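# mind looking at a prediction? Sequence and model below.
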Amino acid sequence: MTTASSLVPCSWPEVAQRAPSDSPRNQLRLDLASIACSGSHWQMSNTAVCRTARHEYFVSCWANASNSSSSHPTGSLAGAAAKRTHLSQHESALIRLICATSHQSSANSSEQSNEPLLRGLAAAAFSVPRPLDTAPTFRYWIDYQAFSSPESAALPEAALMALGGVKTGGPPKLDPITAVKQKIKDYGYMHMDKWELLLSITAKAMLAAEVLRPYQMVSIVPGCLCISRKTSLVRTLINTYGHEVAFTVVPRTFKLPEELDSWDQWVRTHPQQDTGLWMLKNNKQRGTGLRLVPTQRAFEACFETTTRPGLEGMTLYRWYLAQQYITQPLLINRRKFGIRVWVTVPGVSPLRVYMHRNGLALFSSDPYKPADFVDGTFGSGHITNYAQNENGDVWSLQHLARHMGHSAWKGIWFQLARVTALVFAAALRRIQEVQAQMDLHPRQTFQYFGLDFLLDSNCHPWLMEVNATPSMKVAHEEAHTEQLIQQQKWEFVQDTFQLLGIQQHMFDEAAMSRPVGIADVSSELSARGGLFPLMHLFPTEDEHPGLSVPWTREDQQLQQWIPGSQLYQAAVKELDNAHEKT
């Protein structure tokens, strides 16, 4: 089956040859999409309106491609009607795509005569009624207006559509006519009666979670802000494991201004451990809100102030953290790189954490030079963040494993998994505290995360950030790299929603309130795809004397079951050798 990711560019005249009147309608749709998204006309069609139209079409195309590979039971008459709406949305998305592209092409005189052809083909593609392939099973709402870009949630939406979901909201981030960011905000928590499943960013998802109805799911695990906020992550690790262990997970960090005296004392008493550079941070995301300064200027810089709307007249310090900079990162071809891994938490009673086989190595655009910074700003050789370096080189973890060699990579991969398990175990106390104040059933919340690591020259992985809303955006100026990113992210998204087991009977109070038992964990393991369980790596009192993790009876039962479970042990073996055959 041809999918959106395998569309091949074709020239405008080829359409008539490749799409005669008796060609299958499905192939005709793909031919039309090939034209609209062809590499030869990408720049011509890269207006905001065309980008929005392409996004809408890709969402429906990915979903339809996935639907074609699975079977669904026949739905009721009401379900069939809803499905027709779903198909109509898919068709309308393609028509808008073609019309937007052909409208743009009319500015080019050499292409102007093709507009009638495209409009005719778009209309012909849907002139004959088609049978219903699947029946919708649930309603979903995506807060596109809250995400960083219109494309950030396109893959999750495609996965939900593939499972039979029907979109009931929310509005797009950009106005579909003007492509201007919409001023009127409309979020899922404002429409609690219009969805069974809500995808949103942390702040908006939390507002919904606080008033969640008994049959609904929302994409947040309340309490995880203790690890996804930069200022809270370090404190959570210290409270759970102590300073010694915490600062093997993250670089040495001091909270500002509260720990200014401690920072000064540490620098004076540990001159041999001071790398000479400190990164000042605030809680901004996507690689922003950073300043790199040498030690001798760091204490002066940390007193910089800023202003915020509505808080005029108040003294607000610009920087929240001072973190020791890794001045000797591992380099490949003289360039620095960061590692992004994806993690899914399907529930917390008991706590279950899964890390995906896929991931990305994101490279800086230029060779790394430690001294390449001026007045706090640093050169592109320091930057590996995807949001700030969208068209840099990107490798899969499979590629990175091949480059580093199996033995070296296996040790790194294990440390990535171990640290991930430590981080989420450390969050459990705060998760329990927050959720004790809420009326939630065991199956109503889930969340997926993006963890960013940096390897130093000794191949030690340092956790730099836990992203609570990792972007699933697929964009790169090089087509083969864009396809790689799409494949890596799409497989993670698909596996996440398969592991969650989303289907119609879930969205019922009785189903949501049923405790999660060993049989449910077995079902997750059977449906996990490329997701690996990390529960066997959770910390124990023997490993960490004085450990402060409030394991529940359900957690203890899960730990007792793990050693004797063939299903779980098979997953452990697969985790250990995740990238061996690459």
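Structure received.
# quick one, what contacts Gly347?
Counting by C-beta atoms under 8 Å, 6 or more residues apart in numbering, Gly347 makes contact with 442-443, 445-446, 516. Every residue, glycine included, has its C-beta placed from N, CA and C.
# using PDB, write down the CA coordinates of the host helix or strand of it.
Using DSSP states H and E, Gly347 falls within strand 335-348. Output in PDB follows, covering the C-alpha atoms of strand 335-348 (Å, rounded to 0.1, in the frame of the first residue of the first chain):
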ATOM      1  CA  ARG A 335      30.500  18.100  15.500                       C
ATOM      2  CA  LYS A 336      28.500  18.000  18.700                       C
ATOM      3  CA  PHE A 337      25.300  16.000  18.800                       C
ATOM      4  CA  GLY A 338      22.400  15.400  21.100                       C
ATOM      5  CA  ILE A 339      20.200  12.300  21.500                       C
ATOM      6  CA  ARG A 340      16.400  12.400  21.700                       C
ATOM      7  CA  VAL A 341      14.600   9.400  23.000                       C
ATOM      8  CA  TRP A 342      10.800   9.000  23.400                       C
ATOM      9  CA  VAL A 343       9.100   7.600  26.400                       C
ATOM     10  CA  THR A 344       5.400   6.600  27.000                       C
ATOM     11  CA  VAL A 345       3.800   6.500  30.400                       C
ATOM     12  CA  PRO A 346       0.400   4.700  30.000                       C
ATOM     13  CA  GLY A 347      -0.400   4.900  33.700                       C
ATOM     14  CA  VAL A 348       0.900   5.300  37.200                       C
END
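# tally of neighbours for the nearest residue to Gln447 once chain neighbours are set aside?
The spatially closest residue to Gln447, leaving aside those adjacent along the chain, is Val221, at 4.4 Å (C-beta to C-beta, 6 or more residues apart in numbering). By other C-beta atoms under 10 Å, the residues close to Val221 number 28.
# swap in Asn467?
Neighbours around Asn467, by other C-beta under 10 Å: 18.
# distance of the spatially closest residue to it that is not a sequence neighbour relative to Tyr144?
Excluding its sequence neighbours, the residue lying closest to Asn467 (C-beta to C-beta, 6+ apart) is Gly450, at 4.0 Å. Going from Gly450 to Tyr144 by C-beta to C-beta, to the nearest Å gives 19 Å.
# neighbour count for these two, which is higher?
Tyr144 (25 against 21).
# what sits against the residue nearest to the more buried one when sequence neighbours are not counted?
Distances taken as C-beta to C-beta, 6+ apart place Lys173 nearest to Tyr144, at 4.9 Å, with adjacent residues excluded. With contact set as C-beta under 8 Å, 6+ apart, Lys173 has these partners: 144-145, 147, 149-150, 181-182.
# isn't Leu277 right next to Arg297, touching?
No: Leu277 lies out of contact with Arg297 (C-beta atoms under 8 Å); the separation is 10.2 Å.
# who has more neighbours, the two?
Between Leu277 and Arg297, Leu277 has the larger neighbour count (other C-beta under 10 Å), namely 18 against 12.
# can you check the distance spanned by stretch 436-451, start to finish?
For stretch 436-451, the separation between the terminal residues is 27 Å (C-alpha to C-alpha, to the nearest Å).
# the nearest residue to Thr327 once chain neighbours are set aside: neighbour count?
Spatial nearest neighbour of Thr327, excluding adjacent residues (C-beta to C-beta, 6+ apart): Thr275 at 4.6 Å. Look at Thr275: counted by other C-beta under 10 Å, it has 15 neighbours.
# so what's Thr275 up against?
324-328.
# 6 Å - rerun?
324-325, 327 (C-beta atoms under 6 Å, 6 or more residues apart in numbering).
# neighbour-wise, which of those leads?
Gln324 (23 neighbours).
# Val250 is in contact with that one, correct?
No: applying C-beta atoms under 6 Å, one finds Gln324 not in contact with Val250, separated by 9.5 Å.
# quick one: low-confidence ranges for the stretch 451-582 of the chain?
581-582 (pLDDT under 70).
# thank you, goodbye.
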